[in-house]
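>>> Sequence first, then the predicted structure:
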Amino acid sequence: MSPFNLKPEDVVNEIHEFNSKLAQGYKTLADLGEIEVGVSDKEAVYQEDNLVLYHFKSRTKKQNSVPLLIVYALVNRPYMADLQDGRSMIQGLLDEGVDVYLIDWGYPVSADKYLTLDDYINGYIDRCVDVICEKHNRKKINLLGICQGGAFSLCYTALHQNKVKNLITTVTPVDFHTKDDLLSHMVREIDIDQIVDTLGNVPGELLNATFLTLKPYTLMGQKYVDLVNILDDKEKAMNFMRMEKWIFDSPDLVGEAYREFIKQFYQENGLVKGTVKIGDDIVDLSNITIPILNIYARDDHLVPTDASKALEGCVSSKDYNSLEFPGGHIGIYVSGKAQKMIPPSVAAWLEKRTK
C-alpha cells in the first residue's frame, strides 16, 4: 500500500504492531543467554605468540590423506567459518572427509606493532605448515585462504610452492584496482604512514566502521529495522546476534603489517604487477603452477568478482578452476545455500587431486 493512501487508523495499527513486536523482542533478547560460536570440536596443536593452530576433530571414518590448512584474514575472527551447527563451512568440510586445520591469529597487543608481512607469511604460516607436515609425515599440504588470508596464501604459495599441493582461494582480492572496488577507491587515498605512525596498531573498530560505510543504509540502518520482524523468533534472533557478535569482534591490526599491506596491495596494486616484496623476496604469482580452485561471490561488495577473477591471468597453473557463488562476501560461508555448495565442491575438487 502506498504511504499516500494510508488512513489514520492504518498508521495507528502499524505503530501498535511495531511496538508489540518491539516489546516481545526485549523479552526474546533477554532470554537468549550466551551467544555461542565456533561449534566444531578442535584442539590446539601449536601456539606461538598470539597465534594458535587448531586441528579439528574428524566427523567421518574416511578422510582425505592430505590435510587442509585454512588461513584466515587478520581482520575479524575466524569462527565465521564455523559459526554454528548447520551454518559452518568447516563442519561441512569435515563431513566431506577433509582433515582441517585453521590458524587463529588471536588479538594483537601493542608490542606486536612492528610485526611485518614477512613475519606472518614467511614466519607464522610457514611454521604452521611445517608443524602439519611433520605431524602427518608429508612434504606438502593443501591450503585454503579466506579474503586477505587468500592473498597471504597466494604469497606463501608463490614463495614456498614446494610445501603446497593444492591451493584454494575464497573471496580473495588479487587485482586491487578494479573500477567497482569501493574499498580500494577509499583506501588508495589515505595517508597510511600518518595513521600507523600515530596509532601504532590500527584499532579494529576503525576498520569495522570503514567496512560498514561501504553499504551504510543496509549495514547500519535497515538491518536493525528488519530485526524487529524476527524478534519473536528466538532461533532467528540468535542467528542475528551471532552475526552481530562476529561483525563487532574486531581485533586490532598490527601497524607495520597493515602499512605494508595497504601500500603494496591496495595503493600500488603490487600483487598483479609482481612488485609485492615479502622480506627479501618478490612475490611473482606466475611462479605458481600447482592446481588452483578460485571461489568468488557474485554479489560481493568487499571483493568484487573482477578483483578475484584476475587470478587466472596471473598464475601459470594449467589446472585452474573457478567457482562462482550466487551470494555475498559473508553468505559464501554462513548461508544455507553455501553449505550445500561450497564444502562438497571443495572436497570433490581436492579428492580428484589427491594421491
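Arrived safely.
>>> For the stretch 151-300 of the chain, which segments count as strands?
Using DSSP state E, counting those that start in this stretch, the strands of the stretch 151-300 of the chain run over residues 164-170, 277-278, 281-282, 292-297.
>>> Same list, those, but as a markdown table with mean pLDDT please.
Formatted as a markdown table, the entries for the strands of the stretch 151-300 of the chain read as follows, by pLDDT from 0 to 100:
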| stretch | mean pLDDT |
| --- | --- |
| strand 164-170 | 98 |
| strand 277-278 | 98 |
| strand 281-282 | 96 |
| strand 292-297 | 97 |
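>>> shouldn't Met186 be in contact with Thr210?
Yes. Using C-beta atoms under 8 Å, Met186 is in contact with Thr210, at 7.1 Å. All C-beta spots, glycine's among them, are computed from the backbone N, C-alpha and C.
>>> thinking again about what came up before, tabulate the strands of the stretch 151-300 of the chain (a markdown table), appending mean neighbour count and distance to Gln339.
As requested, these are exported to a markdown table (neighbours: other C-beta atoms under 10 Å; distance: least, C-beta to C-beta, whole Å):
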| stretch | mean neighbour count | distance to Gln339 |
| --- | --- | --- |
| strand 164-170 | 24 | 14 |
| strand 277-278 | 17 | 34 |
| strand 281-282 | 14 | 38 |
| strand 292-297 | 24 | 14 |
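>>> Looking at the ones you listed, which is nearest to Asp119?
Among those, the nearest to Asp119 by C-beta to C-beta is strand 277-278 (9.8 Å).
>>> Mind listing the strands that closest one pairs with, and their directions?
Paired strands of strand 277-278, with direction, are strand 281-282 (antiparallel) (DSSP bridges).
>>> which outside residues touch the partner strand?
For strand 281-282, the surrounding residues in contact (C-beta atoms under 8 Å, 6 or more residues apart in numbering) are Asn122, Leu159, Gly274, Thr275, Val276.
>>> Switch the strands of the stretch 151-300 of the chain over to TSV; also include distance to Val254.
Rendered in TSV, the data for the strands of the stretch 151-300 of the chain read as follows (distance: least, C-beta to C-beta, whole Å):
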stretch	distance to Val254
strand 164-170	22
strand 277-278	15
strand 281-282	20
strand 292-297	27
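>>> For Ser317, which of these is the nearest?
strand 292-297 (4.8 Å).
>>> what's the angle between that closest one and strand 164-170?
For strand 292-297 against strand 164-170, the angle between stretch directions is 10 degrees (axes from the mean of the first three to the mean of the last three C-alpha atoms, to 10 degrees).
>>> Check which helices and strands strand 292-297 is in contact with.
Taking 3 or more C-beta pairs under 8 Å, 6 or more residues apart in numbering; DSSP states H and E as the contact definition, the neighbouring helices and strands of strand 292-297 are strand 164-170, helix 305-309, strand 320-325, helix 331-334, helix 336-352.
>>> possible to save these as CSV with distance to Arg127?
Shown next, in CSV, are the helices and strands packed on strand 292-297 (distance: least, C-beta to C-beta, whole Å):
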stretch, distance to Arg127
strand 164-170, 15
helix 305-309, 28
strand 320-325, 29
helix 331-334, 26
helix 336-352, 23
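>>> Check the ones you listed for me and report the most buried one.
For the helices and strands packed on strand 292-297, the largest average neighbour count (mean count of other C-beta atoms under 10 Å) is found in strand 164-170, namely a mean of 24.
>>> Can you show me the CA trace of that one as CSV?
Extracted C-alpha coordinates of strand 164-170, given in CSV (Å, rounded to 0.1, in the frame of the first residue of the first chain):
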residue,chain,number,x,y,z
VAL,A,164,51.7,-26.7,-1.1
LYS,A,165,49.9,-29.5,-3.0
ASN,A,166,46.7,-27.7,-3.9
LEU,A,167,45.6,-24.1,-3.4
ILE,A,168,42.0,-22.9,-2.8
THR,A,169,41.2,-19.1,-2.6
THR,A,170,37.9,-17.8,-1.4
